[in-house]
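**Q** here is my input, please return the structure:
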Amino acid sequence: GGAQAANIFWLVGSSATLGTNSAFKGNILADQSITLMTGATLEGRALARTGAVAIDGNTITIPSAISGLVLESAGAVTGPYADTPGQSVDLAAKVISVPLSGGMQYYRIRSNTAVTITGITIFGGNVLLTYH
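**A** I've put the predicted structure just below:
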């Protein structure tokens with residue numbers, strides 16, 4: 001909770017640049033590219049959809065509150081996979097909630113640590129996945 005680098009997101013419709021020796025907190029989600037000029041520091045992530053993330057003598061710190069857990073879905077097992085609309089991840093309770101799609105969907109979980117699904121429940125129009 002609260003305004004911490006892990007839960008601040010900046011959505012940029014084109015490209016983003018962090019100036020020389022600047023300090024930035026939050027996650028940059030740019031449609032095109034992201035450039036960190038010399039000496040710029042970032043507490044968060046720099047994610048560019050179609051272009052590169054250019055760095056030059058920078059310090060980048062990923063906040064510990066970022067789990068690295070992503071749920072993606074696709075209409076076919078071969079993909080393409082994308083973020084699942086309407087999903088939520090409760091890191092404290094270790095529960096992933098996904099709205100029922102009404103059709104066949106394939107899911108994959110990407111994580112920076114091992115994830116074991118320990119339960120699947122349907123509740124209130126959502127599929128709840130518990131994990132550890």
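**Q** and the next helix or strand past the helix or strand hosting W10?
**A** Assigned by DSSP states H and E, W10 belongs to strand 9-12. Heading C-terminal from strand 9-12, the first helix or strand you meet, by DSSP H and E, is strand 16-18.
**Q** average pLDDT for stretch 89-99?
**A** The average of the pLDDT scores along stretch 89-99 is 86.
**Q** what's the closest non-adjacent residue to P80?
**A** Leaving aside its sequence neighbours, P80 sits nearest to A74 (Cβ to Cβ, 6 or more residues apart in numbering; 6.0 Å). Quick note: C-beta positions are derived from backbone N, CA and C, even for glycine.
**Q** need the contact list for the residue lying closest to R49 once chain neighbours are set aside.
**A** The shortest distance from R49 to any residue other than its chain neighbours is 5.3 Å, reached at D31 (Cβ to Cβ, 6+ apart). Residues in contact with D31 (Cβ atoms under 8 Å, 6 or more residues apart in numbering) are V12, G13, S14, S15, A48, R49, T50.
**Q** look up how far L11 lies from D31.
**A** As judged by Cβ to Cβ, to the nearest Å, D31 and L11 stand 8 Å apart.
**Q** quickly list the domain ranges of the protein.
**A** 5-61, 70-131 (automatic domain parsing).
**Q** by mean pLDDT, show me the worst of those.
**A** Here those differ in mean pLDDT, and the lowest is domain 70-131 at a mean of 86.
**Q** so how many other residues sit close to N21?
**A** 11 (other Cβ atoms under 10 Å).
**Q** what's the separation between it and T59?
**A** With distances taken as Cβ to Cβ, N21 is found 11 Å from T59.
**Q** again, but for E43
**A** Between E43 and T59 the distance is 9 Å, computed by Cβ to Cβ.
**Q** can you check T50 too?
**A** Separation of T50 from T59 (Cβ to Cβ) stands at 26 Å.
**Q** neighbour count winner among the two?
**A** T59 (12 against 9).
**Q** show me what the helix or strand that contains I28 is packed against.
**A** Per DSSP H and E: I28 is located in strand 27-30. Contacts defined by 3 or more Cβ pairs under 8 Å, 6 or more residues apart in numbering; DSSP states H and E place strand 27-30 against strand 9-12, strand 46-48.
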